[in-house]
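> only geometry, no sequence info:
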């Protein structure tokens with residue numbers, strides 16, 4: 001089966017139809033789908049290693065700033081969980097290269113439960129859920145409910161356009177009922193600049209979702 005057909009069918013099972021006006025911005029593909037070398041972690045690390053740092057070695061810079069013994073961890077307050085790379089958008093600036101074609105790198109239920117066990121071993125008061133579009137993960141609501149039941153403050157890092165997908169029209173009410181903080185942003189206040197980075201129609205859909 002053609003890869004694009006598989007992607008479309010999988011997204012359809014999640015209630016996401018990218019062929020409709022409400023499905024999201026103009027369809028695009030990730031670096032991985034386009035087989036761009038920079039999609040590989042090894043290539044990313046090599047690129048970063050080649051960047052000249054004006055301050056020199058990081059550890060030496062820390063010592064020079066008066067922290068000869070190095071940096072010590074503070075109390076853990078925020079517990080961030082990235083639950084997958086599946087997204088209804090493909091943004092040029094996305095540091096995890098999320099997109100509609102990232103089907104396999106998504107957290108399963110067993111891993112979500114492992115994260116909850118790890119959370120229970122900390123004093124973190126806030127759980128920050130991100131992606132991808134975290135709402136597209138089938139275990140998103142399970143995770144949110146589990147965190148709320150534990151008395152945690154939950155943050156959902158939302159791209160806004162996903163709220164216009166018919167299946168997720170109830171999300172604002174669902175999140176509000178649980179006191180979830182929705183964090184969202186636009187790369188620019190002008191439509192043309194936002195659409196250039198995030199895809200045609202993103203600006204208009206984001207503003208509409210806010211209403």
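Received it, and whenever you're ready, just let me know what you need. These numbers come from a predicted model, not from an experiment. Numbers count the residues shown, from 1 in each chain.

> which residue packs closest to the spatially most central residue of the chain, ignoring adjacent ones?
Nearest residue to the geometric centre of the chain (Cα atoms, centre = their mean): residue 131, 2.2 Å. Spatial nearest neighbour of residue 131, chain neighbours left out: residue 84 (5.4 Å); criterion: Cβ to Cβ, 6 or more residues apart in numbering. Where you see a C-beta, it was placed from the backbone N, CA and C, and this is true even at glycine.

> tell me the phi and psi of that neighbour?
Main-chain dihedrals, residue 84, degrees, to the nearest 10: phi 150, psi 170.

> who are the neighbours in contact with it?
102, 105-107, 131-132, 134, 136-137 (Cβ atoms under 8 Å, 6 or more residues apart in numbering).

> so where do the helices sit in this structure?
Using DSSP state H, the helices of the chain run over 3-13, 41-49, 58-64, 109-120, 140-149, 171-177, 191-198, 202-210.

> how close does the residue nearest to the centre of the chain sit to residue 114?
Look at residue 131 and residue 114: by Cβ to Cβ, to the nearest Å, they are 18 Å apart.

> swap in residue 72?
From residue 72 to residue 114 the distance is 26 Å (Cβ to Cβ).

> what about those two, which has more around it?
Comparing residue 72 with residue 114 by other Cβ atoms under 10 Å, the one with more neighbours is residue 114, at 12 against 6.

> which pLDDT value goes with the more buried one?
Predicted confidence (pLDDT) for residue 114: 98.

> ok, residue 152 - how many residues close by?
For residue 152, the neighbour count with other Cβ under 10 Å is 16.

> thinking again about what came up before, could I get the helices of the chain in a markdown table, plus columns for distance to residue 161?
What follows is the helices of the chain, written out as a markdown table (distance: least, Cβ to Cβ, whole Å):
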| stretch | distance to residue 161 |
| --- | --- |
| helix 3-13 | 14 |
| helix 41-49 | 26 |
| helix 58-64 | 37 |
| helix 109-120 | 24 |
| helix 140-149 | 16 |
| helix 171-177 | 12 |
| helix 191-198 | 8 |
| helix 202-210 | 5 |
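
> closest to residue 163 out of these?
Nearest of those to residue 163, taken as Cβ to Cβ: helix 202-210 at 4.4 Å.

> thinking again about what came up before, nearest to residue 162, of the contacts of residue 84?
Closest approach between the contacts of residue 84 and residue 162, by Cβ to Cβ: residue 136, at 6.9 Å.

> where does the prediction get shaky in the chain?
1-29, 54-55 (pLDDT under 70).

> re the thing from before, surely the residue nearest to the centre of the chain meets residue 137?
Yes. At 7.0 Å, residue 131 counts as touching residue 137 under the criterion of Cβ atoms under 8 Å.

> list residues touching both of those two?
If you check residue 131 and residue 137 against Cβ under 8 Å, 6+ apart, the residues they both contact are 83-84, 86.

> residue 185: neighbour count?
9.
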